[in-house]
Structure formats: structure tokens, C-alpha cells
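Asks: 3D, please:
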Amino acid sequence: MNVRIARRLGVGAVAALALSTATPAFAYEIGPHSYGGELRFWTEGSRSIMNIKDTGTSHWVKAEYYRVAHSGTKLNLWNKGGPDGPSDNDGNKGTVESSRASEIFKARGTVSRNNLPDWHTNWYSN
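Replies: Numbers count the residues shown, from 1 in each chain. Below you'll find the predicted structure:
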């Protein structure tokens with residue numbers, strides 16, 4: 001009887017350890033975040049898709065972000081179409097959407113200003 005209880009406790013401990021180290025089945029999205037009436041950016045699809053919406057009228061905008069699969073490489077998603085540009089897959093007008101890939105763990109929005117320093121939001125992650 002004691003051996004049976006010990007086995008059950010051992011199996012229970014192994015199961016608890018496996019569940020505690022497992023990756024959650026969902027990830028909190030980043031955003032949406034805005035900057036000075038110029039842009040909005042956010043992730044979707046369990047942080048696997050980046051979106052950048054141009055809400056201003058004067059400058060190109062981009063999202064700068066990092067993915068888990070290539071954590072040392074900063075990626076850029078440009079939106080040069082303006083607020084009246086094409087829509088993303090969800091119907092958001094003036095929005096550019098990345099392809100689905102590994103999880104995005106850090107992102108910020110940037111307003112590109114010709115011959116002047118760019119404006120950046122803070123880096124965001126969840």
C-alpha cells in the first residue's frame with residue numbers, strides 16, 4: 001500500500017513539474033500603442049503578427065520589433081501608404097501587417113522624418 005501511494009505521489013510531482021515549466025497556450029498582445037497622432041501599432045495572433053497604422057499626414061511610419069526566432073535582429077515593418085493606404089487582412093484602412101512568424105517579444109513605433117531625427121515610442125513588451 002505504501003509503495004502504491006509513493007508511486008502516485010511521484011507521478012503527481014513529475015506532472016506538476018512538467019506543467020509548471022510549460023509555455024502558456026497564449027501570449028498577451030503588445031498594444032495598441034499610439035504616438036502623437038502619427039501612428040498606432042499592435043500585435044495579434046498570439047503576438048505572431050505585427051501591425052502598423054499611419055494616422056498622420058506628413059511622414060512615413062514603421063514598427064521596429066524583435067522576434068523570438070531571431071532575437072538579435074531588429075525587424076522593420078514600413079507603412080508608406082498614409083492614412084488612406086491599403087487595408088490589412090482585418091479591414092483596418094491605412095494599415096500594414098506582417099506575415100505570421102515566431103512570437104514578437106519587443107516592439108516600438110517610429111515616425112521617419114526626412115533630414116531630421118526620427119521620433120520613437122518607448123519599447124513595449126508584455
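
Asks: where does this protein dip in pLDDT?
Replies: Applying pLDDT under 70 to the chain flags residues 1-27.

Asks: hey, where'd the helices end up in it?
Replies: Using DSSP state H, the helices of the chain run over 2-21.

Asks: so where do the strands sit in it?
Replies: Along the chain, counting by DSSP state E, strands occupy 33-35, 39-44, 49-54, 60-67, 75-79, 95-97, 104-112, 119-120.

Asks: Mind putting these into TSV with distance to Pro86 and mean neighbour count?
Replies: Where C-beta positions appear, they are placed from N, C-alpha and C, glycine not excepted. Formatted as TSV, the strands of the chain follow (distance: least, C-beta to C-beta, whole Å; neighbours: other C-beta atoms under 10 Å):
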stretch	distance to Pro86	mean neighbour count
strand 33-35	20	17
strand 39-44	16	24
strand 49-54	11	24
strand 60-67	14	23
strand 75-79	10	18
strand 95-97	8	22
strand 104-112	19	21
strand 119-120	24	14
